[in-house]
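> need coordinates for the below:
(one chain, ligands or ions: 1)
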Amino acid sequence: MKSEKFDFELLKRMLKYLVPFKKRLWLIIVCFALSTVVGFFQPLTIRSITDDGMAQKNLKVIIYSVLILLGLVLVNQLLEVLQAKLFIDIHNESEFLLSHQAFNKLLHLKTEYFNDKNNSEIINSLQMDVSNVSAITDRFMAVNISYIFRVISGVAGLIIISWKLTIIVLAMAPIKYFTVLTLSKRKGKKTEELIENYRDFSAWFDDNIGGVKEIKLWNLYNKRYKTFEKKQKNILKISKESTMLDTWNVFYEIMLEWSVTGLLYILGGILIVNGSLTIGGVFAFLSYSSYVTGPISSILNIRYFFSRIFPSAKRFFSFLDMEEETNFENSIEVKNESQNIQFKNVSFSYEENREVLKNINFVFSKGEKVAIIGANGSGKTTILDLLLRFIEPSSGEICIGDKNINQISIAKYRSLFSVVSQEPYLFHDTVLNNINLDGNAGKEKVEKACRQSGASEFINKLPKKENSKIGKNGARLSGGEKQKIAVARAIVKYSPIVILDEATSGYDVESDSYLHDVILNELKNKSVIMITHRYDNLEGMDKVYRLSEGRLVEMNKLKKSSEKNIDYI
Ligand SMILES: Nc1ncnc2c1ncn2[C@@H]1O[C@H](COP(=O)(O)OP(=O)(O)OP(=O)(O)O)[C@@H](O)[C@H]1O
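A predicted model of the protein is given here:
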């Protein structure tokens with residue numbers, strides 16, 4: 001948001017969220033209009049009680065007018081209840097709509113979005129933004145809509161009684177406008193600072209939870225506490241400054257309203273003295289003026305209100321505008337028979353001037369078992385991420401059959417792969433639900449996958465067997481056990497292409513060799529790409545590629561060209 005200018009584009013985009021609630025909003029507006037009409041008669045009834053009842057000592061008029069007044073108040077309050085109910089529903093539904101949109105977006109974003117953000121940072125930012133953007137449908141906005149009607153009826157009432165006094169009441173508007181303008185600019189800046197500091201704090205806090213073992217082992221308590229203190233104090237300082245702006249806004253508002261009221265008393269007194277107005281007239285005027293002064297302040301405060309929510313709205317909408325993984329429309333389905341995958345002159349860099357992969361050419365034929373080896377950081381996982389469409393080549397293309405993989409529906413394309421990544425994620429759920437992720441596999445299939453992955457042995461020793469909860473990301477399991485669950489999960493999916501990215505690095509020697517036999521014999525119809533640092537795992541592979549200096553070279557060819565004693569891994 002440009003702090004100097006009111007961002008109408010942003011406002012327009014926020015207002016679009018009101019479209020689904022059009023009918024109910026009209027109903028609310030009708031309620032406001034009705035309650036304004038009802039409210040219009042209240043001061044006149046009070047005038048009648050004072051001038052025709054009390055001044056004339058006419059009890060009948062007093063009782064009659066009081067009953068009318070109570071009737072008016074009752075109708076007004078019932079209208080209020082109806083409006084409140086409608087507004088609560090609209091507010092809740094719009095908040096749900098925004099959260100749903102945010103969650104859906106999050107799942108479809110490119111994976112690079114998650115590279116430099118941690119979970120708390122994302123959750124806190126989205127929660128804050130959704131709550132701020134949905135404030136457009138909260139009561140403050142409702143009340144302000146009603147105030148527009150009030151001001152109109154109030155000004156009408158004022159003019160009927162005294163147009164001279166009306167000018168004084170209306171003169172407050174420009175003064176209020178300038179104070180709101182000044183304070184809104186400052187509020188906008190403070191809010192931007194605050195949400196940035198909250199984001200930073202959440203990210204830092206999450207990092208501490210993730211690294212709690214390191215903090216204990218390195219005795220980092222004091223160091224971390226000092227940073228905590230610094231960050232928290234900064235947030236509290238900005239928060240205080242921001243709240244103080246609210247307080248000053250109210251201060252100026254009240255001072256202005258009372259100055260106008262004071263002036264009205266003096267001028268009203270003068271008008272009574274020279275006989276131009278009755279006492280009842282002055283009180284009715286004061287009632288009408290409260291219909292005008294307060295609401296004018298509130299309407300002008302809308303600008304202040306938006307300065308608080310615009311920074312969040314801006315962040316939220318730029319999140320919604322982020323590029324998603326793929327366009328699901330106009331996608332071609334992949335044919336089962338054409339599963340030869342070809343890398344054609346594929347290069348890739350994460351950062352400018354640092355090419356990780358250079359002009360990679362390779363064909364991965366259906367049913368082949370291929371191993372990719374190479375030093376740490378040589379780009380093996382990057383090749384798999386390209387293959388799985390988590391990232392896209394900087395140049396060149398990857399084809400399946402004769403189609404560029406980007407042309408194919410991403411869901412259909414990914415259904416071709418069973419993947420065990422280097423660091424598989426396990427959900428905070430039971431063993432069974434982690435293996436049978438989509439719940440589609442039968443009991444027998446799951447049991448077989450557990451046997452093949454080598455997971456059955458430890459699962460049978462768990463207190464509730466496959467129904468045991470495994471903790472956050474499998475915290476209650478050993479590294480090797482986690483990997484066995486991930487391998488079982490991949491086998492259950494039973495896709496035509498199996499990808500194993502250092503899938504067995506935590507396996508003991510016996511389990512590893514058992515799984516290797518399963519891969520070669522039981523998965524013999526499947527295509528397998530294996531990334532490994534273990535020499536033994538290369539046995540039985542149809543091809544072995546080595547990745548070095550960003551280039552992929554087939555090892556068999558190297559051997560043929562009489563390069564002996566190659567240090568494979
Ligand atoms: N998101 C990223 N942003 C920037 N650089 C990255 C990113 N991910 C990986 N890299 C860099 O790209 C290079 C290749 O990483 P990659 O994970 O593909 O290597 P690898 O061969 O799988 O390594 P390892 O054997 O250690 O698993 C490394 O130098 C790494 O630092």
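> only C-alpha atoms for contact and neighbour calcs from this point on.
Noted.
> what mean pLDDT does the helix or strand hosting Q483 get?
Here Q483 sits within helix 479-493, counting by DSSP states H and E. On average, the pLDDT along helix 479-493 is 88.
> before we move on, what about stretch 161-175?
In this model, stretch 161-175 has a mean pLDDT of 79.
> same question for stretch 272-287.
For stretch 272-287, the mean per-residue pLDDT is 80.
> next, the buried residues of that stretch.
Neighbour-count burial for stretch 272-287, counted by 16 or more other CA atoms under 10 Å, picks out 272, 277-287.
> and the residues you listed, which is closest to the ligand?
In terms of CA to the nearest ligand atom, no member of these lies closer to the ligand than S287, at 65.0 Å.
> am I right that that closest one is in contact with P43?
Yes - between S287 and P43 there is a contact under CA atoms under 8 Å: 6.1 Å.
> C-alpha coordinates for stretch 435-454, CSV please?
Provided in CSV are the C-alpha atoms of stretch 435-454 (Å, rounded to 0.1, in the frame of the first residue of the first chain):
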residue,chain,number,x,y,z
ILE,A,435,1.2,-46.3,4.7
ASN,A,436,-2.2,-46.3,3.1
LEU,A,437,-2.3,-42.5,2.6
ASP,A,438,-5.3,-42.3,0.3
GLY,A,439,-7.1,-45.2,2.2
ASN,A,440,-7.6,-47.0,-1.1
ALA,A,441,-5.5,-50.1,-0.5
GLY,A,442,-6.9,-53.3,1.1
LYS,A,443,-5.5,-54.9,4.2
GLU,A,444,-3.6,-57.6,2.3
LYS,A,445,-1.9,-55.1,0.0
VAL,A,446,-0.8,-53.1,3.0
GLU,A,447,0.5,-56.2,4.9
LYS,A,448,2.4,-57.3,1.8
ALA,A,449,4.0,-53.8,1.4
CYS,A,450,5.0,-53.9,5.0
ARG,A,451,6.7,-57.3,4.6
GLN,A,452,8.5,-56.1,1.4
SER,A,453,9.7,-52.9,2.9
GLY,A,454,10.9,-54.8,6.0
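> and M14, how far from the ligand?
Distance, M14 to the ligand, using CA to the nearest ligand atom, to the nearest Å: 33 Å.
> element containing that residue, please.
Secondary structure from DSSP H and E places M14 in helix 8-15.
> hey, where'd the helices end up in the stretch 1-150 of the chain?
With DSSP state H, counting those that start in this stretch as the criterion, the stretch 1-150 of the chain has helices at 8-15, 22-47, 59-108, 119-133, 139-161.
> so which of the ones you listed comes closest to D200?
With CA to CA as the criterion, D200 lies closest to helix 119-133 of the helices of the stretch 1-150 of the chain, at 7.3 Å.
> look at the one residue in the stretch 51-200 of the chain that gets nearest to the ligand and report its pLDDT.
Among the residues of the stretch 51-200 of the chain, N115 lies closest to the ligand, at 5.9 Å counting by CA to the nearest ligand atom. N115 carries a pLDDT value of 85.
> for it, give me its contacts.
Residues counted as contacts of N115 (CA atoms under 8 Å, 6 or more residues apart in numbering): none.
> list phi and psi for it.
Per-residue torsions, N115: phi -60, psi -40 (degrees, to the nearest 10).
> mind checking how far it is from K223?
According to CA to CA, to the nearest Å, N115 and K223 sit 26 Å apart.
> about what we covered before: can I get the helices of the stretch 1-150 of the chain in CSV including distance to I215 and mean neighbour count?
What follows is the helices of the stretch 1-150 of the chain, written out as CSV (distance: least, CA to CA, whole Å; neighbours: other CA atoms under 10 Å):
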stretch, distance to I215, mean neighbour count
helix 8-15, 43, 13
helix 22-47, 53, 18
helix 59-108, 31, 16
helix 119-133, 19, 19
helix 139-161, 45, 19
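> distance to A488 added to the ones you listed, as a markdown table?
Converted to a markdown table, the helices of the stretch 1-150 of the chain look like this (distance: least, CA to CA, whole Å):
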| stretch | distance to A488 |
| --- | --- |
| helix 8-15 | 46 |
| helix 22-47 | 51 |
| helix 59-108 | 24 |
| helix 119-133 | 27 |
| helix 139-161 | 52 |
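> just the mean pLDDT for the helix holding M14, thanks.
Helix 8-15 shows a mean pLDDT of 88.
> how about stretch 236-253?
Taken as a whole, stretch 236-253 carries a mean pLDDT of 92.
> then that stretch to PDB, C-alphas only?
What follows is stretch 236-253, C-alpha atoms only, in PDB (Å, rounded to 0.1, in the frame of the first residue of the first chain):
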ATOM      1  CA  LEU A 236       5.600  -4.700  22.100                       C
ATOM      2  CA  LYS A 237       7.100  -1.200  21.300                       C
ATOM      3  CA  ILE A 238       5.500  -1.100  17.800                       C
ATOM      4  CA  SER A 239       2.300  -2.500  19.200                       C
ATOM      5  CA  LYS A 240       2.200   0.200  21.800                       C
ATOM      6  CA  GLU A 241       2.900   2.900  19.300                       C
ATOM      7  CA  SER A 242       0.100   1.600  17.100                       C
ATOM      8  CA  THR A 243      -2.400   1.400  20.000                       C
ATOM      9  CA  MET A 244      -1.500   4.900  21.100                       C
ATOM     10  CA  LEU A 245      -2.400   6.100  17.600                       C
ATOM     11  CA  ASP A 246      -5.900   4.700  18.200                       C
ATOM     12  CA  THR A 247      -6.000   6.500  21.600                       C
ATOM     13  CA  TRP A 248      -5.000   9.800  20.000                       C
ATOM     14  CA  ASN A 249      -7.600   9.300  17.300                       C
ATOM     15  CA  VAL A 250     -10.300   8.900  19.900                       C
ATOM     16  CA  PHE A 251      -8.900  11.800  21.900                       C
ATOM     17  CA  TYR A 252      -9.100  14.200  18.900                       C
ATOM     18  CA  GLU A 253     -12.600  12.900  18.100                       C
END
